[in-house]
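Asks: just to be clear, the model below is a prediction. Sequence and coordinates:
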Amino acid sequence: MTNKKSTKNDEFEIQLSEEDLKLKSNLELLAERVQDKDTEIQKQSLISIRDIIKTATGSMTSIPKPLKFLMPHYQTLKTHFATMTNKANEDLFADVLSCLAMTNSDPNARETLHFKMVSNIKEIGTWGHEYIKHLSGELAAEWEIRKEKKEQVKDLEELTHQLVRFNMKHNQEPDVCDLLLETEQLELIVPYCDENNYGRVCNYLIASSQFLPEPEDSQTLLIVYKIFTYMKKWAHSLRIAIKLNDMKLIEEVFESCKDNLEKKQLCFLMGRQLIAVETEDEELEEIMNNSKISEYFHTLIDDLELNEPRTVEEIYKLGDEERRQRLEKNVDSAKQNLATTFVNAFVHAGFGNDTIMVEDGNRWLHRNKEHGKMSAAASLGMILLWDVDDGLSQIDKFLYSKDDNIKAGALLSSGMINVGVRSECDPVMALISDYLDPDDDEDDEEEEENEGEKEKKNVTPKMKTGGAIALGMAYAGSAREDIFDLLSIVIEDPDLPIETVAQACLSLGMVYVGTGESQCTSLILKTFYELSEEALNDTNIRYMALGMGLINLGLQEKIEMTLEAVEAIPKPAGDYVAMTLETCAYAGTGNVLKIQKILHTIIKDLEREKIEVEKREEERKKQENEGTYEKESEENRKKRIEKKDKEREFLSVGVIGLALIGFSEEIGSEMMLRQMNHLLQYGLSPVRRAVPLALGLLCMSNPSILVIETLSRLSHDNDSAVAHAAILAMGLVGAGTTNARIGQLLRQLAQYYAKEPNHLFLVRISQGLLYLGKGTLALSPFYSDGFLLHRVAVGGIMAVLYSALDMKQTILGSLHYNLYWLVSAIFPKMLLTVDENLERIKSSVRVGQAVDVVGQAGQPRTITGFQTHDSPVLLGFGERAELSVKEYIPLSPVLEGIVILKKNENFKNKNEKKKKK
């Protein structure tokens, strides 16, 4: 062995150049002299070694040669240092050993840190950036060990300050953030931030927070908030405050900002999230109330020349032959007319004009039957979306109809018009309160002399249903007590059908979304306890469960007490409510433990099913041997399967919950897409039926090619429930995108399912969603560059997805009006730039695919493959905009929605420069 080693060393020396051999022998001599008893010789040797190492160079694949040549001498030098009696050169010796330990010592020994702590030399940048990184890593490891042993870390804190100071000075912001995150001292970074580095620091911390557990993620974002506030970047601070869902921080930002123009931009941001802060400035209040959203939207459609209404035939893209066949077959069924109603509403949402409802709605209303009239009347609200002034006057005529369904639709329509828009006169509250509060009704009937008014106030359960939904839509996220009082009257009324009570519970959830209001949760729980066994098995129970889930949206572990109370609800309803509550509580958190728990529940039920199948097979064989076997009738088999599916319905909620928990960031979404493929292959019927809907939630208004092809395959599934869900999910994935591939697939499905009314109905709904707002609107609950989650939008989308879990009794039955809950998620996908007086201003804008530049040095491009347009412009999923000319300064950190531009005083036009020359 010795001979082999010496041979290898000889070969190594032969390969060295003369210069390297000279360096090697010189270092060996210096290593011997370091051990000399003469302190002066020792000192000069250490200085020489230090200088040689400092001037040496390395590469990504090799370490510097001085460190390589000193490797054999490291243990000898370390031993000599420990036995030194003369301490004259101890600091310099320890500093050199600290550097040599990078390549020689055991990583777990953390000797680089040890020798640095022994040395009193404060300068840490002597050995370069690689040494600093190594030292930081060892310091973080030592910190963790000491914390576990509960030892003091004061000496480490001093070194941490030095490392932070050095790294921030040398633009190593990510290294600073990593070190402070590991040592739990992130607040140290705030005073080191300045105009040049705060952006890189905050971007890195925001990106890191997505991968941190609760409560570390919130604490990290709070530090980001402090940095932005320290730098007086109020719009950035507000985004973080909204992300944290902290009203105190939101109010603090608003009060701290003294610039009136910046305050206007803050109000636009708050209005997008439906947040209202008290202010005496009427203009600011008007912006927060979204009073001009309809006006801004019409500016966009005027600029894009999309005002001309489209016929249903144009949307379906029917050829002459298909039109002729439709006329011959007289396909004027109630189902087809209902589909046309929804498609017309989705395509013309917010436009204020169409081809069937606005001009002569009465004629179209009477082409629908019974419950179809409710959706037909309500469709006017979506067409007149956000137009509060003119919209309500157009709906008023339907409130005097003798048909209860039309009245209910008109009430629902009034709520839709006011979605996201607040008004001082509170028109929806004034209108609906007369219908939901019986005490007011009696007083009104005594006072009113007009017979038409009496007719108008003859309230039926259907009208109360429409009124309750209208309140949920119009006042979503407001958490107003007077709305609670009105809805509680409906919820506590024992004479009302479960349908009306359930919709009132869902509306209550929308109004108090994400607040965790215990009074609301208790009210819904009390209602559950009082329901009969028959009512607990009703399909409307899903809306009550969702209402409770929305109240606790995003509250995470705070729902533990509520979960215990839910255990008292009889199964299977109890399991359904518990799963809904748990998945909603962790919405958008990406919590891996919750995802694993839900997957375990799904797999456990699959294993239980396998055991039951084996038992049945054994029982059958036993009966065959005994001669007592009777084949199970088809009817009994269907009843048994339906009963099992009902018991396992909560698994469907779990599948949608997986998507809801993991859809907040890109990696989580990709992982969930993989899981969905596994569930499709191995899952039970309730699980498979929910997978297409989960895919729709993961890729809302984001037509991913892989997802589109998967849904296209599932749309031909043997299980009609899976096919129904896949068809609807295709509409959700392509909502507002006018994607050509989805459009082609839906036209093919329309021909394939021409004789299947239910399938065809859903194909038409998806076509309407695909051309939502003629391509100007989107359903994605994420905005502000995908950073912020709109809780009200999540509520509206979840209401439709929960309806789709039992399509036959809801969307394909009499509860199709639940499709209108999507209006809560609808918003223009536009960038509109305005000047200091909030007047539209044309500005040159680059629009391209967003690029992740977190942790990159310098000022890299944030978009790629861009095109230049004049605002207003449309922004697709994953697209980002930036100003192409520095003539204006945007007051919003993200160019989305309404952005105020301030004139850049330092900008000089090229033409002006030429004139001066």
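Replies: Looks like it came in fine.
Asks: tell me where the model's unsure across the stretch 801-917 of the chain.
Replies: 909-917 (pLDDT under 70).
Asks: show me where it has strands.
Replies: Under the criterion DSSP state E, counting those that start in this stretch, strands of the stretch 801-917 of the chain are mapped to 827-828, 830-834, 844-850, 863-870, 873-874, 879-883, 888-890, 897-903.
Asks: please save the CA atoms from the second one in PDB.
Replies: So the one you mean is strand 830-834. Taking Å, rounded to 0.1, in the frame of the first residue of the first chain, the C-alpha atoms of strand 830-834 are listed here in PDB:
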ATOM      1  CA  MET A 830     -56.300  44.700 -18.700                       C
ATOM      2  CA  LEU A 831     -53.700  47.400 -18.100                       C
ATOM      3  CA  LEU A 832     -55.100  50.900 -18.400                       C
ATOM      4  CA  THR A 833     -52.800  53.900 -17.700                       C
ATOM      5  CA  VAL A 834     -54.200  57.100 -16.400                       C
END
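Asks: just to revisit the earlier point, tabulate the strands of the stretch 801-917 of the chain (a markdown table), appending distance to residue 229 and mean neighbour count.
Replies: Yep, even glycine has a C-beta here, placed from its N, CA and C like the rest. Formatted as a markdown table, those follow (distance: least, CB to CB, whole Å; neighbours: other CB atoms under 10 Å):
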| stretch | distance to residue 229 | mean neighbour count |
| --- | --- | --- |
| strand 827-828 | 28 | 24 |
| strand 830-834 | 26 | 23 |
| strand 844-850 | 26 | 18 |
| strand 863-870 | 28 | 13 |
| strand 873-874 | 31 | 21 |
| strand 879-883 | 25 | 20 |
| strand 888-890 | 20 | 17 |
| strand 897-903 | 20 | 20 |
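Asks: as TSV, those strands with distance to residue 721 would be great.
Replies: Converted to TSV, the strands of the stretch 801-917 of the chain look like this (distance: least, CB to CB, whole Å):
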stretch	distance to residue 721
strand 827-828	31
strand 830-834	37
strand 844-850	37
strand 863-870	40
strand 873-874	35
strand 879-883	35
strand 888-890	48
strand 897-903	38
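Asks: which one of the ones you listed lies closest to residue 44?
Replies: With CB to CB as the criterion, residue 44 lies closest to strand 863-870 of the strands of the stretch 801-917 of the chain, at 56.1 Å.
Asks: check which helices and strands that closest one is in contact with.
Replies: Applying 3 or more CB pairs under 8 Å, 6 or more residues apart in numbering; DSSP states H and E, one finds that strand 863-870 contacts strand 844-850, strand 879-883.
Asks: now tell me which helix or strand of the protein has the poorest mean pLDDT.
Replies: Evaluated with mean pLDDT, DSSP states H and E, the helix-and-strand set of the chain has its lowest mean pLDDT in helix 451-456, which scores a mean of 44.
Asks: after it comes which helix or strand?
Replies: The first helix or strand that comes after helix 451-456 along the chain, using DSSP states H and E, is helix 461-474.
Asks: just how off-centre is the following helix or strand past that following helix within its chain?
Replies: Next helix or strand after helix 461-474 toward the C-terminus (DSSP H and E): helix 481-491. Centre-to-centre, helix 481-491 and its host chain are 30 Å apart (CA atoms, centre = their mean, to the nearest Å).
Asks: please apply the same query to stretch 486-502.
Replies: What separates the centre of stretch 486-502 from the centre of its chain is 32 Å, taken as CA atoms, centre = their mean.
Asks: for the helix or strand where residue 199 lies, what is the distance to the chain centroid?
Replies: Per DSSP H and E, residue 199 falls inside helix 198-209. Helix 198-209 sits 18 Å away from the centroid of its parent chain (CA atoms, centre = their mean).
Asks: list the buried ones in the helix or strand following it?
Replies: Along the chain past helix 198-209, the next helix or strand (assigned with DSSP H and E) turns out to be helix 216-230. Buried residues in helix 216-230, counted by 16 or more other CB atoms under 10 Å: 217, 220-229.
Asks: got the contact list for residue 375?
Replies: Residue 375 is in contact with 338, 341-342, 368, 409, 816-817, 819-820, counting by CB atoms under 8 Å, 6 or more residues apart in numbering.
Asks: do that again at 10 Å, thanks
Replies: 338, 341-342, 345, 368, 405, 408-409, 412, 814-820 (CB atoms under 10 Å, 6 or more residues apart in numbering).
Asks: who's the closest spatial neighbour of it, skipping the chain neighbours?
Replies: The spatial neighbour of residue 375 that comes closest, neighbours along the chain excluded (CB to CB, 6 or more residues apart in numbering), is residue 817 at 5.0 Å.
Asks: burial of the one you found, as a residue count?
Replies: Using other CB atoms under 10 Å as the criterion, residue 817 is surrounded by 27 other residues.
Asks: please look at it and residue 415 and confirm they touch.
Replies: No: between residue 817 and residue 415 there is no contact under CB atoms under 10 Å: 11.3 Å.
Asks: give the residues shared as contacts by the two.
Replies: Shared contacts of residue 817 and residue 415, counting by CB under 10 Å, 6+ apart, come down to 378, 466, 469.
Asks: tally up the residues packed near the last one, please.
Replies: Right, the one you point to is residue 469. By the measure other CB under 10 Å, the count of residues near residue 469 is 28.
Asks: same check on the first one?
Replies: Under the neighbour criterion other CB under 10 Å, residue 378 is assigned a count of 32.
Asks: please apply the same query to the one 4 residues further on.
Replies: As a burial measure, the neighbour count of residue 382 was computed by other CB under 10 Å and equals 30.
Asks: excluding chain neighbours, give the residue nearest to it in space.
Replies: residue 345 (4.2 Å).
Asks: what does residue 49 give?
Replies: Computed as CB to CB, 6+ apart, the closest residue to residue 49 that is not its neighbour in sequence is residue 30, at 5.3 Å.
Asks: enumerate every residue touching the one you found.
Replies: Counting by CB under 10 Å, 6+ apart, residue 30 touches 44-49, 52, 66, 70, 73.
Asks: any idea how far it lies from residue 96?
Replies: Taking CB to CB, to the nearest Å as the measure, residue 30 falls 10 Å from residue 96.
Asks: where do the contact lists of those two overlap?
Replies: Shared contacts of residue 30 and residue 96 (CB under 10 Å, 6+ apart): 45-47, 49, 70.
Asks: can you list the low-confidence ranges for the stretch 251-400 of the chain?
Replies: Applying pLDDT under 70 to the stretch 251-400 of the chain picks out residues 318-332, 361.
Asks: residue 144 and residue 184 touch, don't they?
Replies: Yes: in this structure, residue 144 is within contact of residue 184 by CB under 10 Å, at 9.5 Å.
Asks: before we move on, the earlier item: who wins for neighbours among the contacts of residue 375?
Replies: Counting neighbours by other CB under 10 Å, residue 409 comes out on top of these with 33 neighbours.
Asks: ok, for that one, nearest residue in space, not its chain neighbours?
Replies: residue 377 (2.7 Å).
Asks: please identify the helix or strand for that neighbour.
Replies: helix 371-383.
Asks: tell me what angle that helix forms with helix 461-474.
Replies: Here helix 371-383 runs at an angle of 20 degrees relative to helix 461-474 (axes from the mean of the first three to the mean of the last three CA atoms, to 10 degrees).
Asks: follow-up on the earlier one: and the gap between the residue nearest to residue 382 and residue 314?
Replies: The value you get for residue 345 to residue 314, if CB to CB is used, is 15 Å.
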